[in-house]
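S.K.: Here's a sequence, model it:
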Amino acid sequence: MKKVAYILTLSSLIFASCENKKAMQETTPSTVAPDSLTKEITVKIKGNPFSTSVLNEKFTDLEGNTLPFQDILSQHQGKVTIIDIWASWCPDCIKGFPKLRELQEQFPGANYLFLSLDKTTDKWKNAIEVHKLKGSHYHLDQNMKDSFGKAIGLDWIPRYMVLNEKGEIIWNKAIVADDPELIQIIKKATS
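M.R.: Next comes the predicted model:
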């Protein structure tokens, strides 16, 4: 009797798991890779690659102007854009800058958009100068676990993302600039 109860319980768990997976596949946009469901499921809203809350986040540029992320993205539309989310206090970010410069040499036609999560603007600006970071620079006065980080599934920095010419996310998560998949995505997008 115990064996029958065990088999019935096991069968119902397997069935429920299969039904749950089927339901997820049916509600997931076809452009989202299965292994990134939890990270990108909320990304595409009304043709925009980011949620409305992310698009409305306020960033500060090097001159002290504040503008929504939507405006920043609009400035980069028409070219492949590589986004680097980083901070000067992050050892992996600093260690990754030489590989990022190699990426910039390999793909000079792409836009490079740096989004800093530094605690102060002075440290942010100093790091840009010290590490000779070339590209467009913006600062967000938040940490990884605040609204912007939560909305994009930020669990580590640096985080590299790639947008196509239309501003659509084509790669959401790389943590090193020499990630072979990241490089393949950029090659394909820029060819």
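S.K.: Now Glu102: which helix or strand?
M.R.: helix 91-106 (DSSP states H and E).
S.K.: next one: Asp84
M.R.: In this structure, Asp84 sits in strand 81-86 according to DSSP H and E.
S.K.: Residues contacting whatever helix or strand comes next after the helix holding Glu102, please?
M.R.: Helices and strands here follow DSSP H and E; after helix 91-106, the next one along the chain is strand 111-116. Strand 111-116 is contacted by residues 59, 72, 76, 79-88, 104, 124, 127-128, 133-140 when judged by CB atoms under 8 Å, 6 or more residues apart in numbering. Bear in mind the C-beta positions are built from the backbone N, C-alpha and C, glycine included.
S.K.: do stretch 91-104 as well
M.R.: With CB under 8 Å, 6+ apart, stretch 91-104 has contacts from 82, 84, 86-88, 110, 112, 127, 131-135, 156-158, 175-178, 183, 186.
S.K.: Next: stretch 75-82.
M.R.: 73, 103, 107, 109-113, 136, 160-167, 186, 189-190.
S.K.: Just the pLDDT for the closest residue in space to Lys125 that isn't next to it in sequence.
M.R.: Counting by CB to CB, 6 or more residues apart in numbering, the nearest residue to Lys125 once its immediate chain neighbours are dropped is Leu62, at 6.8 Å. Looking at Leu62, its pLDDT stands at 97.
S.K.: which residues does Leu62 contact?
M.R.: 125, 128, 137.
S.K.: Out of those residues, which end up buried?
M.R.: Neighbour-count burial (16 or more other CB atoms under 10 Å) applied to these gives 125, 128, 137.
S.K.: Thought His137 was touching the second one, still the case?
M.R.: Which is Ile128. Yes. Under the criterion of CB atoms under 8 Å, Ile128 makes contact with His137 at 5.7 Å.
S.K.: what about Leu67, which SS state?
M.R.: When classified by DSSP: H, G, I helix; E, B strand; the rest coil, Leu67 comes out as strand.
S.K.: any idea how far it lies from Leu73?
M.R.: 10 Å (CB to CB, to the nearest Å).
S.K.: got it, and Lys95?
M.R.: Taking CB to CB, one finds Lys95 at 28 Å from Leu73.
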